[in-house]
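Visitor: my questions concern the predicted model and sequence given below.
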Amino acid sequence: MNAPAPLSWPCPLCDRPCNGPVHEGCQAKVDENLTALPALYVQLADALYPGRRGGDGRTGTRTAPLPCNEEALDLRSRGGIAGVLSGWTLDLYEREGWQSFPVFGSVETAVTEYAKILRINLPWIIDQHPAAREFADEVRLIAGQARRLVTGETPPRRVTVSCPCGGTMRVTLDTPGARCPGCSTQYGHTEVLQLPAAERRTAA
Ligand SMILES: [Zn+2]
Ligand SMILES: [Zn+2]
């Protein structure tokens with residue numbers, strides 16, 4: 001008996017061919033990001049006032065309030081990490097017709113609990129949700145943004161790539177995708193990063 005030829009479908013999270021419902025690695029990354037978000041939320045409290053970490057030895061030279069990191073503040077607000085997670089959880093409840101969508105008093109509890117619900121339902125979301133990829137992308141971007149703020153890394157470098165039509169797009173390595181302004185082709189994350197780098201135009 002001959003083994004059947006392996007069938008391949010596009011992975012719902014990256015669109016590359018896959019011999020199962022989803023690449024294990026792609027699913028594991030979403031799970032990893034969801035698992036990391038509650039801890040990142042807590043750690044972001046330290047990123048709110050970057051000047052207070054890792055002192056430079058000088059003390060009490062100034063008492064003026066330190067500027068607050070707006071990006072960290074946004075992520076810790078109810079519309080930040082908690083907003084992204086509650087939006088997708090609400091979507092899940094509506095699709096499944098589940099009653100009593102849970103609402104949590106503290107933002108920190110909301111992040112923890114919604115991340116938990118989404119992790120439990122991750123296989124279903126990947127298998128059934130028409131926007132599974134958008135979900136994975138949003139979770140990756142918000143976790144990436146939080147990690148950068150927590151570790152103090154600089155934002156990812158932007159590169160300019162060119163479409164066969166001649167149009168160019170400025171993208172980062174963690175871009176979910178981009179649309180070519182020239183021909184309106186929508187590129188996914190992998191596709192856009194496979195495009196050739198645009199030649200640097202020398203200033204006239
Ligand atoms: Zn994949
Ligand atoms: Zn184009």
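Guide: Alright, I've got the coordinates. Residues are numbered from 1 along each chain as shown. Ligands and ions are numbered 1, 2, ... in the order given.
Visitor: could you list the low-pLDDT ranges of the protein?
Guide: Residues of the chain meeting the criterion pLDDT under 70: 1-7, 50-66, 155-156, 200-204.
Visitor: can you give me the strands for the protein?
Guide: Taking DSSP state E as the criterion, the chain contains strands spanning 9-10, 17-18, 158-162, 168-172, 177-179, 186-188.
Visitor: how about the first one, does it reach ligand 1?
Guide: Looking back up the chat, that one is strand 9-10. No - judged by Cβ under 5 Å from the ion, strand 9-10 makes no contact with ligand 1; its nearest approach is 8.3 Å. All C-beta spots, glycine's among them, are computed from the backbone N, C-alpha and C.
Visitor: tell me what that strand is packed against?
Guide: strand 17-18 (3 or more Cβ pairs under 8 Å, 6 or more residues apart in numbering; DSSP states H and E).
Visitor: quick one: strands adjacent to the strand it packs on?
Guide: Strands that pair with strand 17-18, judged by DSSP bridges, come out as strand 9-10 (antiparallel).
Visitor: tell me which stretches of the protein form helices.
Guide: 24-47, 70-76, 81-96, 107-120, 122-128, 132-151, 189-194 (DSSP state H).
Visitor: nearest to ligand 2, of these?
Guide: Proximity to ligand 2 (Cβ to the ion) singles out helix 189-194 among the helices of the chain, at 10.9 Å.
Visitor: with just CA atoms, put the closest one into CSV.
Guide: Extracted C-alpha coordinates of helix 189-194, given in CSV (Å, rounded to 0.1, in the frame of the first residue of the first chain):
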residue,chain,number,x,y,z
HIS,A,189,4.2,39.4,7.1
THR,A,190,6.4,36.7,5.4
GLU,A,191,5.7,37.9,1.8
VAL,A,192,6.5,41.5,2.4
LEU,A,193,9.8,40.6,4.1
GLN,A,194,10.8,38.5,1.1
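Visitor: many thanks, have a good one.
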